[in-house]
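Engineer: have a look at this prediction, sequence included:
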Number of protein chains: 2
Amino acid sequence: MFNQKLTTVISLIGSLLIVLGCTLLLPIVVGFIYGEELVYAFIIPALLSLGLGFITQFKFKKGKINLTTGMLVCALGWITISFVGALPFYLKLDYTYLDTLFETVSGFTTTGITVFTDLSNLPKSIQFWRCLIQWLGGLGFLTFFLVVTFRGQAGLFQLFTAESHKINQSRPVPNIFKTVKILWGIYALFTLLEIILLKILGVSLFDAITHSFTTLSTGGFTNYDASIAYFKQTGYQYYKLIEYVTILFMTLGGINFLVHYKVLTGEINALWDKIEMKYFWAIISGVSSLIILDHYLAFPFKWSGLERTIRYTLFQVVSILTTTGFATEGIITSFYPALAKQFFLLLMFIGGCVGSTAGGIKIIRVAILNKLLQREVKKIYYPKHAVLPVVVDGNKISDQEIFKTVALVFGWLILIVIGGAITAISSNLSAWQAFSGIFSALGNIGPFYFSVEKMQSLSAGIKITYIIGMLAGRLEILPIFVLFSKQAWRR
Amino acid sequence: MFNQKLTTVISLIGSLLIVLGCTLLLPIVVGFIYGEELVYAFIIPALLSLGLGFITQFKFKKGKINLTTGMLVCALGWITISFVGALPFYLKLDYTYLDTLFETVSGFTTTGITVFTDLSNLPKSIQFWRCLIQWLGGLGFLTFFLVVTFRGQAGLFQLFTAESHKINQSRPVPNIFKTVKILWGIYALFTLLEIILLKILGVSLFDAITHSFTTLSTGGFTNYDASIAYFKQTGYQYYKLIEYVTILFMTLGGINFLVHYKVLTGEINALWDKIEMKYFWAIISGVSSLIILDHYLAFPFKWSGLERTIRYTLFQVVSILTTTGFATEGIITSFYPALAKQFFLLLMFIGGCVGSTAGGIKIIRVAILNKLLQREVKKIYYPKHAVLPVVVDGNKISDQEIFKTVALVFGWLILIVIGGAITAISSNLSAWQAFSGIFSALGNIGPFYFSVEKMQSLSAGIKITYIIGMLAGRLEILPIFVLFSKQAWRR
Ligand SMILES: [K+]
Ligand SMILES: [K+]
């Protein structure tokens, strides 16, 4: 009845559910601490998840894992954990299942678009779960799953294919599982560091933990409708420092974690010696400068407001380039004229570094395309048979890699066109707003050019489109196309 | 003092000026017919052009023409004829030289963005020149120049490189110069046909000629501020038929002229048997249907208004896909909700077929990228060493061609980002408007989401940006990059 491929896929997703079941127990602890009576909202999904997981382990045997299986597990795995992970929200809160699914996908994919309102009055355990799924999704739930459950079976390497941008570059140790463990170690360390810093600056332990979860994962969920602006609005003494700390850790989240590994082991140069890091710093400083300039072309310059303008701009540029999506001065306000709005859309498209927790098409791909363009121009005036490879960081980029990059970017554009059209046809949003929404979903960013209330009120069709968009963005497009390909299931 | 490359470039541009000088004599005839006293406005530039042309022929010797020389002649040639072609406007009308240069570049590149107002009161000879330069630019002034002046020297083939999309596909006859002559013959034939049809429908001979010039060239200039809507607004009995005729000839202008050649020689299949034509018809019918659907989701359906809705939509879709830019119902009005606005931007990007007079990145390139995406998805689930070429119309597309396509599209996106940023930073346009303007310039379209008056009032920096954008779009990006490359001049 089932072919071997399907059996393997089901078995692996079963193990995934066991891991998810265990993580579902954590919010229960939070619930107990705060004396909340909603334990069932987590117990039921946890038991369901563990039960289904163990049954599949019993019933389905794992076969050989190849590239296709890896892609399929990846795509279906993310969908499955989202469906189950949504249950606590659905059981406890007063939202439709679609809305809670939307919120969960937005969480796991670290997109951070929310359809929940009155966030600060949600039960603590729910707030915690909401931020925990972002943290788990940050470095990839599947890589987390591998760290927790496996000890290096060779075939499982293929499982990484769809999340390969997290780990495929110059690993510190030859064993890929050790590499992933090191990355999660660094991730946990940074999270702990941010928790301590925020606590010192007067943030409550609960807020410090949850906000650190969503900063390092570049997820962008917060416990407050006002996002990070909450700390200023409610009069925290060190709100400026809280914002600077957030800028720092968003930046860390947007950088390749292998770079962090190098820096932590003494190789400070790694922060700027590769092309992706050079672009990263150049984009942040260049775009920030232009936006500050544009701001002062529209508003009178005052020395007293300069620190604020720089802080706001840096915060917003880093927040959007790293696809975190935290807001201080909302991007809808008139603080920024048109230039910033354009750049923000561009930054959403570019996103962070490979191997980071950020979304977008990733800086290295823009660099590769840029090198390709330069090469093609050179070809025109070089002798006909001159060999002109595309070189990045001293390595020749293979044609295969260029083609893959192009396919990804083009697939991205197609999904933006389709998603934008669906949004436009089934809502009364303007063309610009409709584009910004699907950009935000695909890039796993969060903010867009219409209100949260408007997002909630959109049709089911649009919400489903965004769900697919968020998953497609997180999985880097190609697995989604594989999922919808009949041939892939057969072969 | 001059290196050989520069000498050759100057000499060729000199011959180009001689041809331009001759065409500048045509409006003088028109001026005589209408008894206008502005002969000097054409005589001076004509003499200047002829004079400079003959001097360079005398002083500079042509050397070997290679790919780089071709690109440089192409880029500089277009700039030169624009500078000289602007003189009649500057000498006779009350605009700055920059504005007249803008109008001329907009003309030669068949963009059709106008900074002139009160068009119907311009002198006839000026109106004629304005539309003639679009007609000359349509199939490429450089190819026109070759037809007129050369008889098949082998090296000159390279001159076509930058306009190669006009002729590089399956030529009907092996001799490239004969091919170009055939194409211009068909072009002239269609123009004549439209003139006759418009005349029959009650349009004055002058309007019939000038509007046919700008329809077949997908240029989009008209003699009236209201564009084609003029015929309805001023009560022409057959205004609907005039609009349908215009739709027909815009469509013809947007199709590869080699397809026309095949059809005219009996091969009717050519209209749909290649992938580019399939996409062409699919885009027109698909997008029109969706826009009509979207219109009726926003407005109540009435049978009586159906013909009008179809006609308006078809007109606008064809006008924008073929990058003509004629308007009936203005695209700024509320006739079309957000979906159409998005699609129009998409169509501007795509543009018409290669070998047509249309701008944009050209349909075939979208098809190639689409095939590449499909191939990359297949690669995932096919055996590792399976050979999967990108096949279009039964031919394997070479890696080289794919790379060139990607470079072109990526260069396009970079110019949109830069142009959009310059527009946003030095105007008070919204982000969406600023994007639409540079989209329109690069795609050689014409319309955008702000008024003509607004366009006129924009800063010199923006106008220069658009001039570069229009030329870059017309020359398909790469020659512009070559022009700004020091190495290209040396090698
Ligand atoms: K985010
Ligand atoms: K045009």
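Structural biologist: Thanks, I have the structure now. Ligands and ions are numbered 1, 2, ... in the order given.
Engineer: and for A:Pro389, nearest residue in space, chain neighbours not counted?
Structural biologist: A:Lys396 (4.3 Å; CB to CB, 6 or more residues apart in numbering or on different chains). To be clear about C-beta, it is placed using only N, CA and C from the backbone, and glycine gets the same treatment.
Engineer: in the stretch 1-150 of chain A, what residue comes closest to ligand 2?
Structural biologist: A:Ile113 (38.4 Å; CB to the ion).
Engineer: low-confidence regions, the stretch 51-200 of chain A specifically.
Structural biologist: A:63-67, A:141-177 (pLDDT under 70).
Engineer: which of the helices or strands spans A:Ser106?
Structural biologist: helix A:97-108 (DSSP states H and E).
Engineer: that helix - contacts with which helices or strands?
Structural biologist: Secondary structure elements in contact with helix A:97-108, counted by 3 or more CB pairs under 8 Å, 6 or more residues apart in numbering or on different chains; DSSP states H and E, are helix A:67-85, helix A:87-92, helix A:124-138, helix A:460-474.
Engineer: quick check, the residue in the stretch 301-450 of chain A closest to ligand 2?
Structural biologist: Closest residue of the stretch 301-450 of chain A to ligand 2, CB to the ion: A:Ala431 (20.8 Å).
Engineer: thinking again about what came up before, got the helices and strands packed on helix A:97-108 as CSV, with distance to ligand 2 columns?
Structural biologist: Output for those, formatted as CSV (distance: least, CB to the ion, whole Å):
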stretch, distance to ligand 2
helix A:67-85, 43
helix A:87-92, 52
helix A:124-138, 47
helix A:460-474, 33
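Engineer: on that earlier part again, which residues touch the nearest residue in space to the residue of the stretch 301-450 of chain A closest to ligand 2 that is not next to it in sequence?
Structural biologist: Distances taken as CB to CB, 6+ apart place B:Lys341 nearest to A:Ala431, at 3.7 Å, with adjacent residues excluded. Residues in contact with B:Lys341 (CB atoms under 8 Å, 6 or more residues apart in numbering or on different chains) are A:Ala424, A:Ser430, A:Ala431, B:Ile331, B:Tyr449.
Engineer: which residues are in contact with the second one?
Structural biologist: What that stands for is A:Ser430. B:Ala338, B:Lys341, B:Trp432.
Engineer: separation between A:Ala226 and A:Glu103?
Structural biologist: 18 Å (CB to CB, to the nearest Å).
Engineer: more neighbours: which of these two?
Structural biologist: Applying other CB atoms under 10 Å in any protein chain shown to A:Ala226 and A:Glu103 shows that A:Glu103 carries more neighbours, namely 26 against 16.
Engineer: which parts of the stretch 301-450 of chain A are helices?
Structural biologist: A:303-321, A:338-350, A:363-381, A:399-425, A:431-442 (DSSP state H, counting those that start in this stretch).
Engineer: my guess is A:Thr218 contacts A:Gly253. True?
Structural biologist: Yes. Here A:Thr218 reaches A:Gly253: they are 4.3 Å apart, a contact under CB atoms under 8 Å.
Engineer: tell me, what's touching the two both at once?
Structural biologist: Common contact partners of A:Thr218 and A:Gly253 (CB under 8 Å, 6+ apart): A:Gly138, A:Thr322, A:Thr324, A:Gly352, A:Ser356, A:Thr357, A:Ala358.
Engineer: tell me which parts of the stretch 51-200 of chain A are close to ligand 1?
Structural biologist: Counting by CB under 5 Å from the ion, the residues of the stretch 51-200 of chain A close to ligand 1 are A:Gly112.
Engineer: give me that answer again for 6 Å
Structural biologist: Applying CB under 6 Å from the ion, we find that the stretch 51-200 of chain A lies next to ligand 1 at A:Thr110, A:Thr111, A:Gly112.
Engineer: that older thread, by neighbour count, which of the contacts of B:Lys341 wins?
Structural biologist: A:Ala424 (27 neighbours).
Engineer: correct me, but that one touches B:Tyr336?
Structural biologist: No. In this structure, A:Ala424 is not within contact of B:Tyr336 by CB under 8 Å, at 10.4 Å.
Engineer: return every residue with contacts to both of the two.
Structural biologist: With CB under 8 Å, 6+ apart as the test, A:Ala424 and B:Tyr336 both reach B:Asp294.
Engineer: which residue ranges form the helices in the stretch 151-300 of chain A?
Structural biologist: A:176-200, A:205-216, A:229-233, A:239-254, A:257-264, A:275-298.
Engineer: thinking again about what came up before, and the helix holding A:Ser106, how far from the chain's centre?
Structural biologist: Its chain's C-alpha centre and that of helix A:97-108 lie 14 Å apart, by CA atoms, centre = their mean, to the nearest Å.
Engineer: got a list of what the residue lying closest to A:Lys199 once chain neighbours are set aside touches?
Structural biologist: Computed as CB to CB, 6+ apart, the closest residue to A:Lys199 that is not its neighbour in sequence is A:Ala208, at 4.8 Å. By CB under 8 Å, 6+ apart, the contact set of A:Ala208 is A:Glu194, A:Ile195, A:Ile196, A:Leu198, A:Lys199.
Engineer: quick check: ChimeraX command selecting the buried ones in the residues you listed.
Structural biologist: Buried residues among the contacts of A:Ala208 (16 or more other CB atoms under 10 Å in any protein chain shown), as a ChimeraX selection:
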select /A:194,195,198
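Engineer: and the shared contacts of A:Thr218 and A:Gly253, which are buried?
Structural biologist: Using 16+ other CB under 10 Å, the buried members of these are A:Gly138, A:Thr322, A:Thr324, A:Gly352, A:Ser356, A:Thr357, A:Ala358.
Engineer: my read is that A:Thr100 contacts A:Phe89, right?
Structural biologist: Yes. Between A:Thr100 and A:Phe89 a contact is recorded at 3.8 Å, counting by CB under 8 Å.
Engineer: what sits up against stretch A:227-246?
Structural biologist: Stretch A:227-246 has contacts (CB under 8 Å, 6+ apart) with A:194, A:197-198, A:201-203, A:211, A:215, A:220, A:222, A:224, A:226, A:311, A:315, A:326-330.
Engineer: so which of those reach ligand 2?
Structural biologist: Near ligand 2, judged by CB under 6 Å from the ion, there are no entries from these.
Engineer: distance between the ends of stretch A:351-363?
Structural biologist: 6 Å (CA to CA, to the nearest Å).
Engineer: can that stretch be said to contact ligand 1?
Structural biologist: No. Applying CB under 6 Å from the ion, one finds stretch A:351-363 separated from ligand 1 by no less than 6.7 Å.
Engineer: average pLDDT for that stretch?
Structural biologist: When pLDDT is averaged over stretch A:351-363, the result is 88.
Engineer: show me what contacts A:Phe257?
Structural biologist: A:Phe257 neighbours (CB under 8 Å, 6+ apart): A:Leu139, A:Lys166, A:Leu183, A:Ile186, A:Tyr187, A:Gly355, A:Ser356.
Engineer: grab the nearest non-local neighbour of the residue nearest the centre of chain A.
Structural biologist: Residue closest to the mean C-alpha point of chain A, counted by CA atoms, centre = their mean, is A:Thr110 at 3.7 Å. Leaving out its chain neighbours, the residue that sits closest to A:Thr110 by CB to CB, 6+ apart is A:Gly219, at 4.0 Å.
Engineer: try A:Ser125
Structural biologist: Nearest non-adjacent residue to A:Ser125, counting by CB to CB, 6+ apart: A:Gly31, 3.8 Å away.
Engineer: what's the spacing between that neighbour and chain B?
Structural biologist: According to CB to the nearest CB, to the nearest Å, A:Gly31 and chain B sit 42 Å apart.
Engineer: what sits against that residue?
Structural biologist: Here A:Gly31 is in contact with A:Leu38, A:Val39, A:Phe42, A:Pro123, A:Lys124, A:Ser125 (CB under 8 Å, 6+ apart).
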